[in-house]
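Asks: return a 3D structure for these sequence lines:
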Amino acid sequence: MGIGTDCAEVLTDLAGAGEPIWFIDGIDKIIDPVVQVTVNDILRAIAATPYLSVWKVVVTVREQNLRHLETRIDGTVFKELPLASVTVTPLGSDERNTVGTYFPRLRPLLAQGAIIDVILHRPFFLNALLTLGSQSQGDAQPPVTEVALLELW
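Replies: Numbering: from 1, shown residues only. Take a look at the predicted model:
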């Protein structure tokens, strides 16, 4: 990144500018070796430097990729930093009813039940359906399968 000072000093400066939280969305999807090195350098600095203990690191990872995380992230970081897990559960019927209230064009899909549940129960897919589906032609029916949604994507 061309920064001439050490990582701990940069993080200390950043922490002084506000709440020291680093969000990493999809840490399990980081495949670029240069980005992996940078992420590991920052995490190691936070773990090894007592005055950086004010930092919080929030990451998202797919549950099925948890066991592979240590192949990309330095395992010593997991031993040094306190860890907590939050599971995002699929949307329930009350939440789906709320979606139907705010997005009436999805009501027919919500009534279909099991065939569309894989999309409607997952917040990520639901967001993609709402954003990508609105880009489709006119009043065309939104995609009802993961494959159709990915094709639209």
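Asks: need the contact partners of the biggest helix by length in the chain.
Replies: The residue-count maximum for a helix in the chain (DSSP state H) belongs to helix 33-48. Residues external to helix 33-48 that are found in contact with it (CB atoms under 8 Å, 6 or more residues apart in numbering): 1, 6-8, 11, 22, 24, 27, 30, 52-53, 55, 57, 72-74, 76-77, 80-81. Where you see a C-beta, it was placed from the backbone N, CA and C, and this is true even at glycine.
Asks: quick one: buried residues of that helix?
Replies: Residues of helix 33-48 classed as buried by neighbour count (16 or more other CB atoms under 10 Å): 36, 39, 40, 42, 43, 44, 45, 46, 47.
Asks: quick check: residue 11 is in a strand.
Replies: No - with DSSP: H, G, I helix; E, B strand; the rest coil as the criterion, residue 11 is assigned helix and is not in a strand.
Asks: residues near it, how many?
Replies: Look at residue 11: counted by other CB atoms under 10 Å, it has 20 neighbours.
Asks: same question for the one 4 residues further on.
Replies: Neighbours of residue 15 under the rule other CB under 10 Å: 15.
Asks: wait, it touches residue 49, no?
Replies: No - distance between residue 15 and residue 49: 11.0 Å, which falls outside the contact criterion (CB atoms under 8 Å).
Asks: ok, residue 20 touching residue 54?
Replies: Yes - using CB under 8 Å as the test, residue 20 is close enough to residue 54 to be in contact (5.2 Å).
Asks: which one of the two has more residues nearby?
Replies: Higher neighbour count among residue 20 and residue 54: residue 20, with 17 against 12, using other CB under 10 Å.
Asks: can you tell me the closest non-neighbouring residue to that one?
Replies: On the basis of CB to CB, 6 or more residues apart in numbering, the spatially nearest residue to residue 20 that is not a chain neighbour turns out to be residue 55, at 4.5 Å.
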